[in-house]
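Undergrad: next one to model:
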Amino acid sequence: MSPRTSSRPPAKPVPSLSYVVGRLDKALASAMGERVAKYGVTLPQYTALSVLEIQSGLSNAQLARRAFVRPQSMMQVVSELERKGLIERTLEPDNGRILRTKVTKAGHRLLEECNRDVAELEKEMLTDVAPADRDIVLEALISCVRRLGGGLALTASQAEEVSA
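TA: As a prediction, this is how the structure comes out:
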């Protein structure tokens, strides 16, 4: 039989890495949003708290960049977190227009609860990935983010320490 008259169906194309990462981003955001909603916060609020837990004292603009939202959107997130008593903001001593933000004790407690649920989600997500391969996956993704200028100077072992 010639290739043109083959009775086999054409092979399904393999999705590109970019497509798979994009789908993962959407699926993970949706699942995380559902998990943290149980604690009365949105995914952007949880993300902001998580960023501030790693680096306290950020300005609104710095926080917006690290949380991947516009500064205007971050203003709404920060205002709501402050209203809930999960963060507090203080004026920068050298510049009375810049507010520095930090997580309160209540915010840290909420983050601990959310982080437990998110860790369970990650565990579910990685069920089919061998434990020995998980660090390789994390290192590779961190490298991809760095190459595209998205930051993340953490290694897999440092990321584990932060999430532990």
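Undergrad: tally of neighbours for Q72?
TA: Using other CB atoms under 10 Å, Q72 has 9 neighbouring residues. Just so you know, the C-beta spots here come from the backbone N, C-alpha and C atoms, and that holds for glycine as well.
Undergrad: same check on E120?
TA: If we define neighbours as other CB under 10 Å, then E120 has 11 of them.
Undergrad: surely it is in a helix?
TA: Yes. The assignment for E120 by DSSP: H, G, I helix; E, B strand; the rest coil puts it in a helix.
Undergrad: quick check: it vs S50, distance?
TA: 16 Å (CB to CB, to the nearest Å).
Undergrad: what's the answer for A119, then?
TA: In terms of CB to CB, A119 sits 12 Å off from S50.
Undergrad: over to R109?
TA: R109 is 14 Å from S50, by CB to CB.
Undergrad: who's more crowded, those two?
TA: S50 (19 against 13).
Undergrad: what sits against that one?
TA: Applying CB atoms under 8 Å, 6 or more residues apart in numbering to S50 gives the contacts 111, 115.
Undergrad: please name the nearest non-neighbouring residue to the residue nearest the centre of the chain.
TA: By CA atoms, centre = their mean, the mean C-alpha position of the chain lies nearest to T47, the distance being 6.0 Å. Excluding its sequence neighbours, the residue lying closest to T47 (CB to CB, 6 or more residues apart in numbering) is A67, at 4.7 Å.
Undergrad: tell me the contacts of A31?
TA: L121 are the contacts of A31 under CB under 8 Å, 6+ apart.
Undergrad: hmm, 10 Å instead?
TA: 43, 117-118, 121-122, 124-125 (CB atoms under 10 Å, 6 or more residues apart in numbering).
Undergrad: with L126 instead?
TA: Here L126 is in contact with 133-134, 137-138 (CB under 10 Å, 6+ apart).
Undergrad: highest neighbour count among these?
TA: L138 leads the contacts of L126 on contacts (other CB under 10 Å) with 17 neighbours.
Undergrad: between the contacts of L126, which is closest to V21?
TA: Nearest to V21 among those, counting by CB to CB, is V137 at 11.6 Å.
Undergrad: please name the nearest non-neighbouring residue to the closest one.
TA: V129 (6.2 Å).
Undergrad: circling back to that earlier point, quick check: neighbours shared by R109 and S50?
TA: V103.
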